[in-house]
Structure formats: C-alpha cells, structure tokens
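Trainee: pasting a predicted model and its sequence here:
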Amino acid sequence: MKSLQDKLKNRYYSAKERQKAVPSLQALAYLQHGNYASIEITTPLGKRLKLITRFIGYSDDDCQLLFALPSNLSPKTFQEYFTAGRHVKVTVISEDGEGCLAQFNQQIKHIITKPMRLFSLELPAQAMLAELRQETRYRLNLPGELQYQNRRFEINLTDLSLHGCCFAISRLIESLQQDSSIRLSIQHPYNHQQYVLKGMIRNRRSAKGNSIYGVLLKEDKQANPQQLISALILHASRLSFPQDDQSPQNIN
C-alpha cells in the first residue's frame, strides 16, 4: 500500500501542469484546519528531512501559518531540523470545492513545544496553486445513514461530486476498511424522499473529533449522485435541501 507521502507526491505531479502563481492569501482561502501537509526541511549543509504533518490554521495578528509539530522524531533529528530559520518546502492538499494543491517555500519562524506542539511560518508573498479535479465537489452538511457490514451509523455528508464524496462520522466508531463497499442514505427533511449513494472507501483523515472518509462513488439504478445534487440549492456557501416554498436551481 502506498504511503501518504507517496500519494501526495503522485497528486502533485498529476496537477503540476495546472499550477499557477497566486497571492498567498488567495491560496489560504482553500485550506482548512486538519489538511495534510508534506514538508521538506533543508539544513545549511543541504541535508533534507521529509515528513507529513497537519495544517493547524492562520494567525491574523502576526500573519503566520501554524502546523503541528511531529512527535515521532528523535531528539537529535528534532534539534537538527526544527530550528528557526530552516528553509521549508510545504505542499498542502485541500479536498474542498474542486480540490486544490498549494505549494510554497518559507523559513521556520517559531518552534512551540508547550502547552501545544506547533511550528510557525511567515505567510509567503505567493504560492503555487493547482486544481486537482476536473469536476466540482460541492460543500454540504447533510445528516444521513451509513450502512457498513450489516450495521448502520449516523453520518454527516460533507461534500459531493458526481464521482466522489466525503462524510464525517464519530471517531468513537471503529475504523472503516479502505476499499470496503458502503451505502449512504440521505433523506429530504421536508418531503422525506430517500437518496442513495454507493461506493468504496478510499481514504480517511481526522478533523474536529470526527473521522472524515473519502468515497469513490459508483452509479446504478438505485444510486445516482446527480439526483441528490439536482435536489439541492445553494444556501450561503453550501448546498442544502430547499424548503417547501423553494425550488431547486439547476447547477449542472
């Protein structure tokens, strides 16, 4: 099975032709707390360390990006690489919207070990941004039901496209196996119509106390993502079911 580092590398090269330079604040708008980040730290002697961490957020007060400080490094490696001024190449993938990959170079600004383990980078002037998908993935927050190995669990559908979706489920639930088949049911809250999605688990990440699973959808007579998308309307920044006095708009 490929490591997360390899998967990020493959997605970077597949999107490289679609890269463009943008102001860093524009790239920042695509990133969310909990996104995986691949970092490569280089010492003055040219030694390199590559690892995976998570993007924590952005501090408006001092224009700094915050990342989780890895906890599985030896004291010697930590001291050698995690020092203020070290050059860092950062690649962050966001699954939001059309999906994007942001990449930039910067230097480590601060190392924080207590009460939380973080390191910070100053916001760069620009970043390279590349779209990952050829189709739009719509943001949602729809309650639903997961059927997995003859059991049922409550979930929230967080985004959806014609060929994929993500759903959030409590981290207290045991991990779902990659490549296992699942069935999702979403019920319209007003007319109670049921919408079914079927597919395979492709990946998992953690965010805000939940497990977020990515699903590769398959279409059949019972399960059609387009039917659900067509039943939704845009409200604020997300799609949701219309109330009785509203009609879905065509978003194809």
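Mentor: Looks like it arrived, so ask away.

Trainee: okay, the nearest residue to residue 208 once chain neighbours are set aside: pLDDT?
Mentor: Excluding the flanking residues, the one nearest residue 208 by CB to CB, 6 or more residues apart in numbering is residue 34, at 7.2 Å. (Glycine included, C-beta is placed from N, CA and C.) Here, the pLDDT recorded for residue 34 equals 82.

Trainee: element containing residue 34, please.
Mentor: Remark: residue 34 resides in no helix or strand, with elements defined by DSSP states H and E.

Trainee: if I pick it, what's in contact with it?
Mentor: Applying CB atoms under 8 Å, 6 or more residues apart in numbering, we find residue 34 in contact with 54, 55, 205, 206, 207, 208, 212.

Trainee: same check, this time on residue 228
Mentor: Counted by CB under 8 Å, 6+ apart, residue 228 has contacts 160, 186, 195, 197.

Trainee: which members of these occur in strands, if any?
Mentor: Per DSSP state E, strands hold the following members of the contacts of residue 228: 160, 186, 195, 197.

Trainee: which one of the contacts of residue 228 is nearest to residue 42?
Mentor: Of all the contacts of residue 228, residue 160 has the smallest distance to residue 42: 39.6 Å, by CB to CB.

Trainee: which residues does stretch 178-188 contact?
Mentor: Stretch 178-188 has contacts (CB under 8 Å, 6+ apart) with 1, 142-149, 155, 157, 165, 167, 176, 193-204, 215, 223, 228, 231, 241.

Trainee: and what of stretch 199-218?
Mentor: With CB under 8 Å, 6+ apart, stretch 199-218 has contacts from 32-34, 36, 95, 158, 162-171, 173, 175-182, 184, 197-198, 223, 225.

Trainee: one more pass at 6 Å, please.
Mentor: 34, 163-169, 171, 176, 178-181, 197-198, 225 (CB atoms under 6 Å, 6 or more residues apart in numbering).

Trainee: pull out the buried members of those.
Mentor: Among these, those classed as buried by 16 or more other CB atoms under 10 Å are 34, 163, 164, 165, 166, 167, 168, 169, 176, 197, 198, 225.

Trainee: list the contacts for the second one?
Mentor: When you say that, I think you mean residue 163. Applying CB under 6 Å, 6+ apart, the residues contacting residue 163 are residue 217.

Trainee: look up how far residue 110 lies from the residue nearest to residue 208.
Mentor: 21 Å (CB to CB, to the nearest Å).

Trainee: thinking again about what came up before, turn the contacts of residue 34 into TSV, including secondary structure, distance to residue 130 and neighbour count.
Mentor: Formatted as TSV, these follow (DSSP: H, G, I helix; E, B strand; the rest coil; distance: CB to CB, whole Å; neighbours: other CB atoms under 10 Å):
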residue	secondary structure	distance to residue 130	neighbour count
54	strand	20	17
55	strand	17	22
205	strand	20	16
206	strand	25	11
207	strand	22	15
208	coil	26	9
212	strand	22	20
